[in-house]
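Novice: sequence first, then the predicted structure:
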Amino acid sequence: MKVKICGLKTKEDAQFAALEGADFIGFVFAPSKRQVSLPEAAQMSAELPDFVQKVGVFVDPTFEEVEEAIQQVPLDYVQLHGKETPAFASRLSAPVIKAFKVKDGTIQGNPTAYPDCLILLDAPSTEYEGGGGIAFDWEKLDEKALPTERLIIAGGLSSANVGTAIRKFTPFAVDVSTGVETNGKKDPYKIKQFIKQAKERKK
């Protein structure tokens, strides 16, 4: 099971997550309480092991903004949380994770229009896109219709429920931000426990 720890703001947190077994590290460039600058992300990225994939999180960016981040950080993946079109995603020089909100058991948007992207399912946004710490209603969603080999589950995950999510959806990866924080800051113990629980669960 692949694990993405998102919304990292310090090199110490990023390094800790990587050493504990995180496969993806997420840097938020969109407006958010976890937003970082390109220089900050580049500094964190420079000290990460080569096996860790760096992901940049954007909401309705320009093509130039994303490409600059891909080159400067550098990024291995781009995560898009806005109204970005399939044509926009296909132009980018890095693989794309396209995020979709799930409301009342319905995916808001058309994941099949992005056949070459990883598909991330998240709860509806609150103040910012993503990172709200709220789970969507898993039971209302038909997991049999989902592209499990390209699927990332996010939204309200923690060490307490990530195993249930993995058993329900058998996804490619799980993604967490709020669920490994205490008082708005990344908590090493929670990061360690989340990765441990996710990696112990088999498809």
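Specialist: Okay, I see it.

Novice: ok, the residue nearest to A154 when sequence neighbours are not counted - how many residues close by?
Specialist: Leaving aside its sequence neighbours, A154 sits nearest to D175 (CB to CB, 6 or more residues apart in numbering; 3.9 Å). Heads up, the C-betas are built off the backbone N, CA and C, glycines and all. The number of residues packed around D175, counting by other CB atoms under 10 Å, is 28.

Novice: avg pLDDT for the longest helix anywhere in the chain?
Specialist: As assigned by DSSP state H, the longest helix anywhere in the chain is helix 188-200. Averaged over helix 188-200, pLDDT sits at 96.

Novice: what's next to that helix, contact-wise?
Specialist: Contact partners of helix 188-200, identified using CB atoms under 8 Å, 6 or more residues apart in numbering, comprise 1, 3, 5, 13, 16-17, 20-22, 157-159, 162-163, 166, 174, 176, 179-182.

Novice: one more time with 10 Å, if that's ok
Specialist: By CB atoms under 10 Å, 6 or more residues apart in numbering, the list of residues contacting helix 188-200 from outside reads 1-5, 8, 12-13, 16-17, 19-23, 157-166, 173-174, 176, 178-182, 187.

Novice: re the thing from before, checking the residue nearest to A154 next. Helix, strand or coil?
Specialist: When states are read from DSSP: H, G, I helix; E, B strand; the rest coil, the local structure at D175 comes out as strand.
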